[in-house]
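# Provided below for reference: sequence and predicted model.
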Amino acid sequence: MPGGIPYIISNEAAERFSFYGMKAALAIFLANYLGVLGGSDLNQSQATSYVSYFTGAVYFTPLLGALIADTFFGKYRTIVTLSIVYCLGHLSLAFMGVGGVVQGWLLAGLGMIALGAGGIKPCVSAHVGDQFGKENQHLLPRIFNIFYFSINTGAVISNLLIPWVLKWYGPHWAFGIPGVLMALATVCFLMGRHKFVHIPAQGISFLKEVFSREGIIVLLKLMVLFYVFVSMFWCLFDQTATTLVFQAEKMDLNLLGIDLLPSQIQAFNPFLILVLIPLFTFVIYPKVGKIVRLTPLRKVGAGLFLTILSFAIVSWAQEAIDRGETPSVAWQLLAYLILTSAEILISIVCLEFAYTQAMPKMKSFIMSIFLLSVFVGNLMTGLINDFIRIPESDSKLTQSEFTEPTKQIAAYFEENQKLPVDFEPKAKGPKGNAITYQLLHAGAARLSSAGPDGELKTEDDFNTIISVKKKEQEEEGTWLYNEKNKLGMLQTDDPDSPLELTHKIGGGTKLEGAAYFWFFTGLMATVAILFLPFAYFYKEKTYLQS
């Protein structure tokens, strides 16, 4: 094994701890903690778009990092420089709420992390490959698996730890600890500087290779693979940090007697990676390979179809939630098992495929082209959520027309200790339109009446959200509860009522509940079917360093 590999692996484990730990806490932070620090809490759709755009930015900046590395500074200097920017981004997040405008700290922190984390991505991946030549190229697939293994070792620990830190110690520690790990990652990388094989920047020759006839053909073939097909996988996969977290909030989180936090469910993905990589490498691939030749594109195709199944399970679980049930989070874990298997078949395979299919002087650049598929996928998620979101504004006035239906629902809850599944209000709304009732999940329902346009699901709707209050003893002692109590933000109106009312004009989304997840399942199915003829006609050509 090349002498520099242990330093790269150590660096990657610590760096991934920092990134995934921060990302694990981000959606819940935006939806629940931002208001306490001086900003405004986002709704779930807004938080989903925000995290998706951030994740997309992390995977857009690899193009910049690759161009700098391959044209000017080389991979090593680029990694070291951008790692320092990365550390400053974590520091900015940790200082949110200390002074100044919280949104400024947030945007600056996420911007620097996107530049740092994204900029080093193609360089680190290609730097691994650079340590190998023709004599030891047979070790490359196994080392890329170890590389991916190290990523997920850091991720599994941080996904369990950081959400817990956020709940009990708050965002300063939750975002500060990942910053310390990123500093450690930078030190680990510096320690290996004399052990690495350094491939110098190629300067203008790099651009000549990119724009040569052969380079353009390589580029176009890989762009179709990554942006038409693989990007849809990322569109679904990266919702594990957003919509699946919000879904987990509405599920039974007790697993084998252990009460988990919604954000901690994400830890099952990197944990399963640690378990499944050896299983696929030493058992599944060899056994299946005896029956059918396992090319990279056949693996990717299998992964796309597994992704359909995983989101179908998520959709079925959401249907139960929409009926007012509280399904076990074990249903999500089953979806994670299938989705993680798909990740191994798609992400790891494409990571190696991007390196081997790239011409010698454009390795980092092609790595960035692959990573841009994550940007495209997350951009789709963000844009779809922006499109389906209905603009909302808080209504300061109690909508008197909703008073009687609200009393009836409260009476039903007092008697049955649950919200009704079906309820038909007889009252009319503020504009004389019928009031409708919808159970959102076991903990919330909505009374709606169309506004002046006479149509529901528009920004003119009159809505009253009826939420079951969380038990105070479950929240006492948490950082968020203590801060809200200190700032006088705890609800004090009608403290004896088990229900809480929120009046809004507009709000919600055009795709709610299970319809949202079935929509993405259908998109994935369409893309997977179209992939079959593409894979059949694709011609591979491998390039390695001499």
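Here it is on my side, so go on. Numbering: from 1, shown residues only.
# now the strands for the stretch 251-400 of the chain?
If DSSP state E, counting those that start in this stretch is used as the criterion, the strands of the stretch 251-400 of the chain fall at 254-255, 258-259, 392-394.
# got JSON lines for those, with mean pLDDT and mean neighbour count too?
Where C-beta positions appear, they are placed from N, C-alpha and C, glycine not excepted. Output for the strands of the stretch 251-400 of the chain, formatted as JSON lines (pLDDT from 0 to 100; neighbours: other Cβ atoms under 10 Å):
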{"stretch": "strand 254-255", "mean pLDDT": "93", "mean neighbour count": "13"}
{"stretch": "strand 258-259", "mean pLDDT": "92", "mean neighbour count": "9"}
{"stretch": "strand 392-394", "mean pLDDT": "79", "mean neighbour count": "12"}
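# out of these, flag the one nearest residue 300.
Of all these, strand 254-255 sits nearest to residue 300, with 31.6 Å by Cβ to Cβ.
# now do the strands in the protein.
254-255, 258-259, 392-394, 435-441, 444-449, 462-468, 499-506 (DSSP state E).
# what pairs with the second one, and is each one parallel or antiparallel?
Using DSSP bridges, strand 258-259 pairs in its sheet with strand 254-255 (antiparallel).
# ok, residues contacting the strand it pairs with?
Residues outside strand 254-255 that contact it (Cβ atoms under 8 Å, 6 or more residues apart in numbering) are 260, 328-330, 333.
# quick one: it to chain centroid distance?
23 Å (Cα atoms, centre = their mean, to the nearest Å).
# ok, back up a step: which of the strands of the stretch 251-400 of the chain sits closest to residue 449?
Per Cβ to Cβ, nearest to residue 449 of the strands of the stretch 251-400 of the chain: strand 392-394, 14.8 Å.
# what is that closest one packed up against?
strand 499-506 (3 or more Cβ pairs under 8 Å, 6 or more residues apart in numbering; DSSP states H and E).
# list the neighbouring strands of the strand it packs on plus their orientation.
strand 392-394 (antiparallel), strand 462-468 (antiparallel).
# okay, now the domains of this structure?
5-389+515-537, 392-508 (automatic domain parsing).
# can I get those in JSON lines including distance to residue 543?
Shown next, in JSON lines, are the domains of the chain (distance: least, Cβ to Cβ, whole Å):
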{"stretch": "domain 5-389+515-537", "distance to residue 543": "5"}
{"stretch": "domain 392-508", "distance to residue 543": "51"}
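# just say which of these is most tucked in.
domain 5-389+515-537 (a mean of 20; mean count of other Cβ atoms under 10 Å).
# just the terminal-to-terminal distance for that domain.
Terminal residues of domain 5-389+515-537 lie 36 Å apart, using Cα to Cα, to the nearest Å.
# the stretch 151-300 of the chain: helices as residue ranges?
Remark: helices assigned in the stretch 151-300 of the chain by DSSP state H, counting those that start in this stretch are 171-191, 204-210, 213-224, 231-237, 243-248, 268-279, 285-289, 296-322.
# mean pLDDT for those helices: which is lowest?
Ranked by mean pLDDT, those bottom out at helix 204-210, which scores a mean of 72.
# contact partners for residue 184?
Contacts of residue 184 by Cβ under 8 Å, 6+ apart are residue 14.
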